[in-house]
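**Q** Sequence first, predicted model second:
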Amino acid sequence: MGRLAITGGKPVRTKPFASWPIYTQRERQGLLRVLTSRNWGGYPFPNKFAHVFAQKFARFHGAKYGLAVANGTIAIEIALKAIGLQPGEEVIVPAYTWEGTVGPILLLNALPVFVDIDPDTYCLDARLIEKALTPKTRAILPVHLAMRFADMDEIMRLARARNLAVIEDCAHAPGGKWRHQGAGAIGDVGCFSFQSSKLMTAGEGGAVITSNLEYYERAQSYMNCGRASVTDKFRHRLIGFNYRITELQAVILQAQLERLPRQAKVRQANMDYFEKRLCGAPGLDFLKPDPRQTRVAAYQYVFKYLPERFPGVPRAAFLGALQTEGIPCDGLFYEPVYRSALFPVDAKEWPALSWGRSEALDLKNMYHCPVAERAAYEEAVWLPHHIFLGSRKDTDDIADAVLKVCENIAELRGLKHPAIEVKAMSRAERPRVEKRQW
Ligand SMILES: Cc1ncc(COP(=O)(O)O)c(C=O)c1O
């Protein structure tokens, strides 16, 4: 019997962490108000709570206009439509992100162009964008994740020089700031997700923010079945769809937005303390802070497991051991999208891959992004945000467990265990064994 819980020792933590999502009387009363009003949404448009929430959310990030929509994937589709993306045009995306960042580009018959991530931030590496630009490039779509921002100074410089639109995927970054500008309000359009694990949630939901009235009008029409927008100054007529949010969701999101700054402070203090405790632990490394990021939004705490420092112990074994110590964690949180089983792209279904070419583009095999691949398959460790919403003692448990696994790593060499097998599985395979991620 070893010291680690996975080899029969006593786990560091047996108590559950703070539950997520959190709700109070604010959500309860709001839901009751909507329920008894019998106006559950989403039509008439913009509906009362959806409109008020969207405006508050936009202003909170420093944008003029906001729309609350059905989910974050649709928010990206709406943003692409708002900038007027045309079939056959190209959009630069980071290789390391959720598949929902990329799918909408294909859906609109355009082409995603994958670019590797920066090893210091795990976000789109702005230094590599220029090489990926072609005359067909229409937009850059950075994703702010791992408590970091892509280098928005460089991305905006490039975009303005080449007349490209910038759409920020801020699914992980509500409340974050770059040079005191809110996430999503730095580029042309910002997209957010309120799916159940996110920093603000109504189970599902999303938002689009912008300061460009023309983009706002086009987005409004597209998400409301093509109807004229409320201001209709630009008189765009387009085929639209029903991507509206319900009033039940909007009223929950209002309460969640009010709570966000307070929760962010608690999370941040605990994450700073956690990092101090781990600092100097051999074999672990951290993403680099950037002073231009003036407020961190911490959806997940991400650090690096350096497998070459633990020979014979793959990351899945480290994660399986950490999970068995009572700490929720993940490694294959994202994969390079082009390699993901959730991205079975086939040129027969997506005509843009073949247009003007003798052979269709083979998105799955034409890319190799070494930093994204190392992060996804060997190095990144993701800890969910809600475990940092508790006390100092909770954070000590997380740090103690990580340090305990590092100190007793020899117990994991050659070990086979179901907890390790699960951690080696991709997200596409996991639902067969795991009901809920967090
Ligand atoms: C980076 C990123 N982009 C887009 C999305 C899509 O959001 P949704 O799940 O609300 O459709 C998510 C959500 O998981 C995400 O994490």
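**A** Great, that's in hand.

**Q** per-residue confidence for the residue of the stretch 1-150 of the chain at minimum distance from the ligand?
**A** Evaluated by C-beta to the nearest ligand atom, the stretch 1-150 of the chain has Gly72 as its residue closest to the ligand, separated by 2.4 Å. Every C-beta, even on glycine, is put in place using the N, C-alpha and C of the backbone. pLDDT, Gly72: 98.

**Q** Go ahead and confirm it touches Ser197.
**A** No. Judged on C-beta atoms under 8 Å, Gly72 makes no contact with Ser197 at a distance of 11.4 Å.

**Q** What parts of the chain come near the ligand?
**A** For the chain, the contact set with the ligand under C-beta under 6 Å from any ligand atom comprises 71-73, 97-98, 100-101, 143, 145, 169, 171-172, 193, 195, 206.

**Q** Closest one of the residues you listed to Ile239?
**A** Ile239 lies nearest to Thr73 out of these, by C-beta to C-beta, at 18.8 Å.

**Q** Name the SS class of the closest one, please.
**A** Under DSSP: H, G, I helix; E, B strand; the rest coil, Thr73 falls in the helix class.

**Q** Run through the residues that contact the residue nearest to it when sequence neighbours are not counted.
**A** Leaving out its chain neighbours, the residue that sits closest to Thr73 by C-beta to C-beta, 6 or more residues apart in numbering is Gly100, at 3.9 Å. Residues near Gly100 by C-beta atoms under 8 Å, 6 or more residues apart in numbering: 72-73, 76, 171, 193.

**Q** one step back: residues in contact with the residue of the stretch 1-150 of the chain closest to the ligand?
**A** For Gly72, counting by C-beta under 8 Å, 6+ apart, the contacting residues are 100, 169, 171, 191-195, 198, 206.

**Q** Gly176 now?
**A** Residues near Gly176 by C-beta under 8 Å, 6+ apart: 144, 149, 170, 182-183, 293, 295-297.

**Q** Now intersect those residues with the helices, please.
**A** Of the contacts of Gly176, none are assigned to helices by DSSP state H.

**Q** mind putting these in a markdown table, neighbour count, pLDDT and distance to Glu349 included?
**A** Below are the contacts of Gly176 laid out as a markdown table (neighbours: other C-beta atoms under 10 Å; pLDDT from 0 to 100; distance: C-beta to C-beta, whole Å):
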| residue | neighbour count | pLDDT | distance to Glu349 |
| --- | --- | --- | --- |
| His144 | 28 | 98 | 30 |
| Phe149 | 30 | 98 | 34 |
| Cys170 | 31 | 98 | 29 |
| Gly182 | 25 | 98 | 37 |
| Ala183 | 29 | 98 | 33 |
| Gln293 | 21 | 97 | 39 |
| Arg295 | 15 | 96 | 41 |
| Val296 | 19 | 95 | 39 |
| Ala297 | 25 | 95 | 35 |
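
**Q** ok, the residues you listed vs Met271, which is closest?
**A** Of all the contacts of Gly176, Val296 has the smallest distance to Met271: 8.1 Å, by C-beta to C-beta.
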